[in-house]
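Chemist: Pasting the sequence and the predicted model now:
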Amino acid sequence: MTDRDVRIAPYQESDQAQVVALWEDVFRDDPPANAPLAMIQRKLTVQRELFLVARVGSELAGTVLAGYDGVRGWIHHLAVDGRYRRRGIASELMRAAERGLLSLGCPKVNLQVRATNAEVVAFYRTLGYAVEERLSLGKRISG
């Protein structure tokens with residue numbers, strides 16, 4: 001596969017079924033609050049141009065969500081279909097997300113990875129990301 005075979009573009013409503021199927025496969029252990037349809041609907045209300053998909057031909061091969069709150073950028077749900085892994089698609093999605101964030105004036109990008117996911121941490125390190133000594137805290141504020 002060459003770079004010309006992969007097209008990165010903003011999400012379109014016609015991508016919904018393929019995105020849901022990808023996320024249900026890749027993020028099997030996500031909590032119910034991260035149900036794919038609900039996440040898609042929430043993301044479409046904020047910086048929808050930073051919801052990117054990768055296509056190889058007519059097939060959806062990957063996704064990434066990015067967002068900028070005016071202080072930091074965030075990356076979420078970088079996912080690549082198993083049939084298309086190790087072909088540079090995740091790297092292309094990340095570069096596209098970073099370009100989108102940079103165009104908004106974003107000075108720094110954060111992302112979270114489960115500490116036990118060494119393979120994914122290694123991938124992000126190849127893109128220049130470093131593990132920062134921080135604690136991640138969270139609180140669900142909805143039912």
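Modeler: Received it, and whenever you're ready, just let me know what you need.
Chemist: buried ones in the longest strand belonging to the chain?
Modeler: Taking DSSP state E as the criterion, the chain has its longest strand at strand 59-68. If you call a residue buried by 16 or more other CB atoms under 10 Å, then strand 59-68 has these buried ones: Leu60, Ala61, Gly62, Thr63, Val64, Leu65, Ala66, Gly67, Tyr68. No exception for glycine: its C-beta is placed from N, CA and C like everyone else's.
Chemist: what does stretch 40-51 give?
Modeler: Of the residues in stretch 40-51, those buried (16+ other CB under 10 Å) are Ile40, Lys43, Gln47, Leu50, Phe51.
Chemist: now, which of the residues you listed lie within helices?
Modeler: Ile40, Lys43 (DSSP state H).
Chemist: Where does pLDDT dip in the protein?
Modeler: Low-confidence segments of the chain (pLDDT under 70): 1-4, 143.
Chemist: what about 50?
Modeler: The chain contains residues with pLDDT under 50 at 1-3.
Chemist: Would you format the buried residues of stretch 40-51 as CSV with distance to Ser136 included?
Modeler: Formatted as CSV, these follow (distance: CB to CB, whole Å):
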residue, distance to Ser136
Ile40, 24
Lys43, 20
Gln47, 22
Leu50, 21
Phe51, 23
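Chemist: Would you mind giving the orientation angle of the helix or strand where Ala21 lies with respect to strand 59-68?
Modeler: Assessed by DSSP states H and E, Ala21 sits inside helix 16-26. In terms of direction (axes from the mean of the first three to the mean of the last three CA atoms, to 10 degrees), helix 16-26 departs from strand 59-68 by 80 degrees.
Chemist: Packing partners of helix 16-26?
Modeler: helix 36-43, strand 59-68, strand 73-80 (3 or more CB pairs under 8 Å, 6 or more residues apart in numbering; DSSP states H and E).
Chemist: so Leu50 sits right up against Leu65, yeah?
Modeler: Yes - if you go by CB atoms under 8 Å, Leu50 and Leu65 touch, sitting 6.9 Å apart.
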